[in-house]
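*Asks:* need the 3D shape of this:
(6 chains)
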There are 4 protein chains.
Amino acid sequence: MTSPTHAVERADARRNRELVRRTAMKVFAENGMDVSLGRIARRAGVGAGTVYRHFPSKEILLEAVPAENIDRMVAVADRWAARAAPGDALFGFLVDVIETSAGRQPVCDALAADRGRPRATLTAAARRFREALDRLLSNAKQAGAIHVDVQADDLTALISGGAVLQTTHRSKARGGWLVRLLLDGLRTPVVTEPADFRDNRGHETTTHCIVCGTPLSLRTTGRPARYCGPTCRQRAQRGRVAS
Amino acid sequence: MTSPTHAVERADARRNRELVRRTAMKVFAENGMDVSLGRIARRAGVGAGTVYRHFPSKEILLEAVPAENIDRMVAVADRWAARAAPGDALFGFLVDVIETSAGRQPVCDALAADRGRPRATLTAAARRFREALDRLLSNAKQAGAIHVDVQADDLTALISGGAVLQTTHRSKARGGWLVRLLLDGLRTPVVTEPADFRDNRGHETTTHCIVCGTPLSLRTTGRPARYCGPTCRQRAQRGRVAS
Amino acid sequence: MTSPTHAVERADARRNRELVRRTAMKVFAENGMDVSLGRIARRAGVGAGTVYRHFPSKEILLEAVPAENIDRMVAVADRWAARAAPGDALFGFLVDVIETSAGRQPVCDALAADRGRPRATLTAAARRFREALDRLLSNAKQAGAIHVDVQADDLTALISGGAVLQTTHRSKARGGWLVRLLLDGLRTPVVTEPADFRDNRGHETTTHCIVCGTPLSLRTTGRPARYCGPTCRQRAQRGRVAS
Amino acid sequence: MTSPTHAVERADARRNRELVRRTAMKVFAENGMDVSLGRIARRAGVGAGTVYRHFPSKEILLEAVPAENIDRMVAVADRWAARAAPGDALFGFLVDVIETSAGRQPVCDALAADRGRPRATLTAAARRFREALDRLLSNAKQAGAIHVDVQADDLTALISGGAVLQTTHRSKARGGWLVRLLLDGLRTPVVTEPADFRDNRGHETTTHCIVCGTPLSLRTTGRPARYCGPTCRQRAQRGRVAS
DNA sequence: TATGAATGAGCATTCATTCAT
DNA sequence: GATGAATGAATGCTCATTCAT
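*Replies:* So this is what the prediction gives:
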């Protein structure tokens, strides 16, 4: 009851809350959203009551998990905005989000307009997501890198559809290829990205291998990649040497 | 005892069976596949037992409903094959299916490779669908109307994704526009369809308004449309007069 | 609607009633008393409604079947009374009934005092059974062949218990042996049956093989058996020849 | 958290489990094994879920109840073995078990060879019972107190049959008398038990009133009885005085 | 605060019984 | 009369939620 005790207990509680959330995330991923709370509690090694202390209803727990995922995507959006040319940032982000969301129906639902009863946590996360997406989109439009008619609403729907496409596809890799092929249809063909975009650390960036054109995935740490792999890098070196 | 009596009895039962199926379809679309059979029965205005007489288990009902929908799409595929140039047939069919399937998750699931326990009815329907799709696709490829790398698997995944995209989109119309925009990315730009394709009744066909380019939906009855509406038709007439 | 038509229909109906009863008996024997009426109807090849026309409730059908069995036993009792010495008749009958009733719980229930709601058909059959049993018992008592304290109530309970004993026993044959062993405990040891009892056709009778002593089962047709099989008969012949 | 809290919690649960088991036992006895779990729950005054917490399926409850009863009988067998002469122990035990089992069909079923799917709990209990019975039987045989041909299988079947006999009989007392009369048929008449059997506390024992011969029930506490009641005891005293 | 036992509404399914054909 | 479709109460069982410990 003393202040330190109180503080300790709080830490305990927060730790427990996180434990439950992480367990729920895992179990949802493994067994779908229909798992019973009992199973989550058992997997987390806590009593049913403890789950309820932190998430007063199943619905709320069902929100907290995708909300967290959405917030992670917002962080990804911000990194793309900071690291790549406007068009590449938008398209790279879309590919990232779609790949991450594959198999997570609730995430997609949450991005869409709210259906059913209002779900505060999720709605707030979705709003933050929307704002980040808006920033990427308006940058890309200003850079002339995307079809001018495309709106943010289109993109959220596109993300849901793309995620399902990729989940549904027999081959995840091929699904990814198809998604990129479709996304390319939204680019403005004539406008090329300014060649000299530099990220906020001063590095030149590109989204495709500058030797063979293969798309590159965004690495948020380290110097931005320009080659799809060692083969192309070597080839580039040799070419430079040769000349 | 007599044959007519028998027939009448059957008609009654069939009517009820149809009632249940249609209700189930509606309820599934509104509330997802997790609705209880009790709710379906209540909505259909029949007793729980009646549902069970016609669909001996929930699983069977869960198959029967999408299987029927899939078979309807197969019929649509065949009509497109008979009525339009290869490329138009494929793309027109895709748009049709996606629009029809919007909001029907189970249909999409069924088109994909079978997950979980084998479901005979559904699998059979999916196979028929796949065969029809294969026909459309190979025709379109021979006509050079679609990206050569696209395979049937890509298209089934695409259908699922497109359906979700459209369902998810705030505006159904705008969702449709976006789907068409994405699909156009799969077309081979340089190859134009032979201009003089005629359907099996000898009519010239087109899939877009020949005045303003708006996509046309396939009418299976009457003479194939060439204009998106009276306005364009009138404009064409006037133009011809003028020249 | 004419009189002959009516008569024909009656014959039809009676035939159907018998069909249902016999089917029920078979199905009860195979699958226990918990079968659904639907299964009985299906096995009989009639509609559910037809079963209800003849047996207005399941309970009534559940009575009709054991009632019939009980009446058959009454007939057996009468045959024993006519064919064997009083003591043999009683004990032979008991063994017969126990063996016949093995596996038929409802029959045993019916023989006991009525528990639960009154079941008219069954009660009447049970009364007839009781009367036949009383006749056998009082004859046996007059002949001094059974423990004087034994009453009819004891015997009905004994039948139920014996049937269960035999059903329960791993080996049906051994169960029968045990039942006979127990029954022998009720005999009055000192009193021997009059050796010269003759049945109502004038034949001498015995209940055990006169060579080896094995118990004989009562054959209601043909001349009463005195040997348990051809081996013993031959042995007896040879003995007579030899002497 | 603390150990006492834990213990208390457990005590609560155990109390409820016992409540359910005892209620089930009662209800099974009254209404047969076909009662619904709902009725048991209602009778016990608990929710349906509580029944399921303790007995995860009806089948398990249907095993647990007779298994417990069987184990109680094993304890009775051991007490008889310790307290009475071999023959008396066996016959006394049989009478006890039959009386205890009267009206408990499932117990009898369980003693018999396993029919249907294997039921682990019940089978284990039946095995323990069988072993205890075997001990009593072989002792009795060595003492020459029972018909040599009788086997353990015979006795389990006999118990089932005897229980039904007694249950079925209009008068429970008379049923008991009859059962004892039948059992006496299994004894070896000539061999008398050694008169001086002493139990493991050194007392002389008998199973029948040494004055009037009435059978005595085994008292597991106190000094073994030798008279059926005060009347006979007094008579014996007087006799001794007189002599 | 954490635990897990208790609760009871809800679900899929069966089945005796009724009734339109 | 016969048929079998329709009915709806009941069953075994689950699970979100509450609450005593």
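
*Asks:* low-scoring stretches of chain A, by residue?
*Replies:* Residue ranges of chain A with pLDDT under 70: A:1-10, A:105-118, A:189-243.

*Asks:* what is the helix or strand hosting A:Leu90 packed up against?
*Replies:* Here A:Leu90, judged by DSSP states H and E, is contained in helix A:86-101. Packing contacts for helix A:86-101, counted by 3 or more CB pairs under 8 Å, 6 or more residues apart in numbering or on different chains; DSSP states H and E, involve helix A:58-83, helix A:120-142, helix A:152-168, helix A:172-184. Glycine gets a C-beta too; all of them are placed from N, C-alpha and C.

*Asks:* quick one: the last one to helix A:152-168, angle?
*Replies:* Using axes from the mean of the first three to the mean of the last three CA atoms, to 10 degrees, the interaxial angle of helix A:172-184 with respect to helix A:152-168 works out to 160 degrees.

*Asks:* for the helices and strands packed on helix A:86-101, which one sits closest to B:Gly47?
*Replies:* helix A:58-83 (30.9 Å; CB to CB).

*Asks:* in that closest one, what's buried?
*Replies:* A:58, A:60-70, A:73-74, A:76-77, A:79-81, A:83 (16 or more other CB atoms under 10 Å in any protein chain shown).

*Asks:* can you list the domains in chain A?
*Replies:* A:1-56, A:63-201, A:208-243 (automatic domain parsing).

*Asks:* which residues does A:Leu137 contact?
*Replies:* A:Leu90, A:Ile146, A:Val150, A:Gln151, A:Ala152, A:Leu155 (CB atoms under 8 Å, 6 or more residues apart in numbering or on different chains).

*Asks:* and if you look at A:Glu68?
*Replies:* A:Arg21, A:Met25, A:Ala125.

*Asks:* next helix or strand past the longest helix seen in chain A?
*Replies:* Counting residues, the longest helix found in chain A (DSSP state H) is helix A:3-31. Next helix or strand after helix A:3-31 toward the C-terminus (DSSP H and E): helix A:37-44.

*Asks:* list the helices and strands that following helix packs on?
*Replies:* Using 3+ CB pairs under 8 Å, 6+ apart, helix A:37-44 sits against helix A:3-31, helix A:48-54, helix A:58-83.

*Asks:* is it true that A:Val148 lies in a strand?
*Replies:* No - going by DSSP: H, G, I helix; E, B strand; the rest coil, the assignment for A:Val148 is coil, not a strand.

*Asks:* excluding chain neighbours, what is closest to it?
*Replies:* Once flanking residues are discounted, A:Val148 sits nearest to A:Lys141: 6.4 Å by CB to CB, 6 or more residues apart in numbering or on different chains.

*Asks:* cool, A:Val95 as well?
*Replies:* A:Arg180 (6.2 Å).

*Asks:* burial measure for the one you found, as a count.
*Replies:* 16 (other CB atoms under 10 Å in any protein chain shown).

*Asks:* how close does it get to chain C?
*Replies:* According to CB to the nearest CB, to the nearest Å, A:Arg180 and chain C sit 58 Å apart.

*Asks:* spell out which parts of chain A neighbour chain B.
*Replies:* A:34, A:108-109, A:111-113, A:147, A:150-151, A:153-154, A:156-158, A:160-166, A:168-171, A:174-175, A:178, A:181-182, A:184-186 (CB under 8 Å from any CB of the partner chain).

*Asks:* am I right that A:Ala48 is in contact with A:Gly38?
*Replies:* Yes - taking CB atoms under 8 Å as the definition, A:Ala48 is a contact partner of A:Gly38 at 6.2 Å.

*Asks:* among the two, which residue is more densely surrounded?
*Replies:* Set A:Ala48 next to A:Gly38 and count neighbours by other CB under 10 Å: A:Ala48 wins out with 13 against 10.

*Asks:* who's in contact with the more buried one?
*Replies:* A:Leu37, A:Gly38, A:Ala41.

*Asks:* and DNA strand F, which of those contact it?
*Replies:* Contacts with DNA strand F within the contacts of A:Ala48, counted by CB under 7 Å from any atom of the strand: A:Leu37, A:Gly38.

*Asks:* just the closest of the contacts of A:Ala48 to A:Gly103, please.
*Replies:* Using CB to CB, the contacts of A:Ala48 come closest to A:Gly103 at A:Leu37, 21.5 Å.

*Asks:* correct me, but that closest one touches A:His54?
*Replies:* No - with contact defined as CB under 8 Å, A:Leu37 does not reach A:His54; the gap is 11.5 Å.

*Asks:* sorry, back to before: as JSON lines, the helices and strands packed on helix A:37-44 with distance to A:Leu133 would be great.
*Replies:* Below are these laid out as JSON lines (distance: least, CB to CB, whole Å):
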{"stretch": "helix A:3-31", "distance to A:Leu133": "23"}
{"stretch": "helix A:48-54", "distance to A:Leu133": "30"}
{"stretch": "helix A:58-83", "distance to A:Leu133": "7"}
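
*Asks:* is stretch A:12-22 positioned near DNA strand F?
*Replies:* No - legend: contact between stretch A:12-22 and DNA strand F by CB under 7 Å from any atom of the strand is lacking; minimum distance shown is 12.5 Å.

*Asks:* buried set for that stretch?
*Replies:* Buried positions in stretch A:12-22, judged by neighbour count with 16+ other CB under 10 Å: A:Asn16, A:Arg17, A:Leu19, A:Val20, A:Arg21.

*Asks:* could those residues go into a markdown table alongside distance to C:Val97?
*Replies:* Output for these, formatted as a markdown table (distance: CB to CB, whole Å):
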| residue | distance to C:Val97 |
| --- | --- |
| A:Asn16 | 71 |
| A:Arg17 | 73 |
| A:Leu19 | 70 |
| A:Val20 | 68 |
| A:Arg21 | 71 |
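
*Asks:* got the angle between the longest helix of chain A and helix A:37-44?
*Replies:* Going by the same axes, to 10 degrees, helix A:3-31 makes 110 degrees with helix A:37-44.
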